[in-house]
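Participant: can't give you the sequence, but here's the structure:
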């Protein structure tokens, strides 16, 4: 089978598709024929070595497909079942992957594999951010950075559906249009406007209850200056680079702010929590309450281009690797 493996950390040029032996599932594992693999910024962190995995490793950690072999000590899954997974390093850009059965979730009838592979990681992120990290309430106002990205579009839809007013930031007019289609009440062009000033203007000086920031260094100051007293700063990613060390006194001086750096791994650590979040997520998709936008599709041989586009902020919605 073919897969994209990293033999040494580096730039997108290290992503090369190659022939590898067909993997065989061990105890508690499934082998899955991959229909679609998600492209996520965490893949970049693993590729560069910012997050460590022993080399060589197959790039990617999210996807969906059909079970083609079942290991021993597995119950509830059979060959031919459609499953999806997220946060499984090494189970990504390949024709076949090994997935621990406890980290696989069943794909409901009526949801195709491509949609399942596109929505799981970022959809679960939108779920935990709005349900658990900061449980939003109708009538509140949220600032969503990079609102035309994969997480941003889903976050905007989930927030709007719960009666939250969304102020979105984007870097182009095309992306602004996508954010508005997702339900954003206002769009701020952070490439040419001061975010905090615009937030203050759009809220008559009240500012926002919560900021969802997956960008990091480039948006940090605007985020913290956009919050009302006792507001919540949710930093869930660092697409522009890591944030400088934070003096806790800054949170006091800005209004006794709350600050958190969550990750999906801690909000779907148990199988029970993973299944509950994915069940509700797929219900939203099946009901048409959540629209999944696939912005780009790449072959295994185009993995380098997929990363270049992602890092160059040329993508909208979700990018997928289609192995076949």
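Facilitator: All right, it came through fine. No experiment lies behind these values; they were computed from the predicted model shown.

Participant: Give me the pLDDT value at residue 324.
Facilitator: As predicted, residue 324 sits at a pLDDT of 86.

Participant: need the contact list for it.
Facilitator: For residue 324, the contact set (Cβ atoms under 8 Å, 6 or more residues apart in numbering) comprises 35, 95. Placement of C-beta: from N, CA and C, glycine included.

Participant: Look up how far residue 75 lies from it.
Facilitator: According to Cβ to Cβ, to the nearest Å, residue 324 stands 29 Å off from residue 75.

Participant: what do you get for residue 227?
Facilitator: Distance from residue 227 to residue 75, by Cβ to Cβ: 47 Å.

Participant: quick one: which of the two has more around it?
Facilitator: Shown here are residue 227 and residue 75; by other Cβ atoms under 10 Å, residue 227 has more neighbours (24 against 8).

Participant: Residue 106: how many residues sit nearby?
Facilitator: 16.

Participant: residue ranges of the helices in the stretch 51-200 of the chain, please?
Facilitator: 113-128, 150-161, 173-181, 195-202 (DSSP state H, counting those that start in this stretch).

Participant: Show me which strand runs longest in this structure.
Facilitator: Identified as the longest strand of the chain according to DSSP state E is strand 29-39.

Participant: helices or strands up against that strand?
Facilitator: The helices and strands touching strand 29-39, judged by 3 or more Cβ pairs under 8 Å, 6 or more residues apart in numbering; DSSP states H and E, are strand 63-70, strand 82-85, strand 96-100, helix 113-128, helix 303-311, strand 318-321.

Participant: Now do the helix or strand following that strand, average pLDDT.
Facilitator: Following strand 29-39 in sequence order, the next helix or strand is helix 41-48 (DSSP states H and E). The average pLDDT within helix 41-48 is 94.

Participant: contacts for helix 41-48?
Facilitator: Counting by Cβ under 8 Å, 6+ apart, 6, 9-12, 14-15, 50-51, 53, 57, 59-61, 89, 92, 237, 239, 307, 310-311 sit against helix 41-48.

Participant: Identify the residue spatially nearest to residue 200, adjacent ones excluded.
Facilitator: Spatial nearest neighbour of residue 200, chain neighbours left out: residue 207 (6.2 Å); criterion: Cβ to Cβ, 6 or more residues apart in numbering.

Participant: Go ahead and confirm that neighbour touches residue 201.
Facilitator: No. Proximity of residue 207 to residue 201 does not meet the contact threshold set by Cβ atoms under 8 Å, at 10.5 Å.

Participant: So for these two, which sits in the more crowded spot?
Facilitator: When neighbours are counted by other Cβ under 10 Å, residue 207 comes out ahead of the other of residue 207 and residue 201, with 21 against 13.

Participant: how close does that one sit to residue 256?
Facilitator: On the measure of Cβ to Cβ, residue 207 and residue 256 end up 13 Å apart.

Participant: follow-up on the earlier one: for residue 193, which of the helices and strands packed on strand 29-39 is the nearest?
Facilitator: helix 303-311 (23.8 Å; Cβ to Cβ).
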